[in-house]
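In: Need a 3D model of the following:
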Amino acid sequence: FPPLPPIVAVAETEAKRRKAEFNQGNIKEEPVEDPAEAMHKWSMRMIELALLQCRKRKAVELEDFDLAHRLKQREPAATLRLSAA
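Out: Numbers count the residues shown, from 1 in each chain. From the prediction side, this is the model:
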């Protein structure tokens, strides 16, 4: 076997620079979404959230508090989906 190269001390800043270069090379670009598809997705999420809120108000008006509570529990997830769209 050939001899191993000598171990050379690497400055901390050099190591950080190499690490940064390595990480930049591993970044995967997400595919660009069609603008029309993105708008459709966003509008569907807006409708979903508006429908939940409307239905919740109607349930409170009809004094169906169990339904209103279940709908209120679904709002945070719908809001997250909207912000992701």
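
In: helix or strand for residue 36, which one?
Out: Here residue 36 sits within helix 35-61, counting by DSSP states H and E.

In: could you check the angle helix 35-61 makes with the next helix-or-strand element following that helix?
Out: Note on helix 35-61: by DSSP H and E, the next helix or strand toward the C-terminus is helix 65-84. Interaxial angle, helix 65-84 versus helix 35-61 (axes from the mean of the first three to the mean of the last three Cα atoms, to 10 degrees): 160 degrees.

In: what comes up buried for helix 65-84?
Out: Going by neighbour count (16 or more other Cβ atoms under 10 Å), the buried part of helix 65-84 is 68, 71, 78, 82. (Glycine included, C-beta is placed from N, CA and C.)

In: I'd like to know which of those residues is nearest to residue 55.
Out: Taking Cβ to Cβ as the measure, residue 55 lies nearest residue 71 of the buried residues of helix 65-84, at 5.7 Å.

In: Please tell me how far the closest one sits from residue 64.
Out: Distance of residue 71 to residue 64, computed by Cβ to Cβ, to the nearest Å: 10 Å.

In: The helix holding residue 36: which residues count as buried?
Out: Residues 41, 45, 48-49, 52, 56, 59 are the ones in helix 35-61 that count as buried (16+ other Cβ under 10 Å).

In: Who are the contact partners of residue 52?
Out: Going by Cβ atoms under 8 Å, 6 or more residues apart in numbering, residue 52 touches 71, 74-75, 78.

In: Could I get the CA-only coordinates of stretch 62-69 as CSV?
Out: Extracted C-alpha coordinates of stretch 62-69, given in CSV (Å, rounded to 0.1, in the frame of the first residue of the first chain):
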residue,chain,number,x,y,z
LEU,A,62,-78.1,27.7,15.6
GLU,A,63,-76.6,27.0,19.0
ASP,A,64,-74.9,23.9,17.7
PHE,A,65,-71.8,24.5,19.9
ASP,A,66,-70.3,21.0,19.4
LEU,A,67,-70.2,21.5,15.7
ALA,A,68,-68.8,25.1,16.2
HIS,A,69,-66.1,23.6,18.4
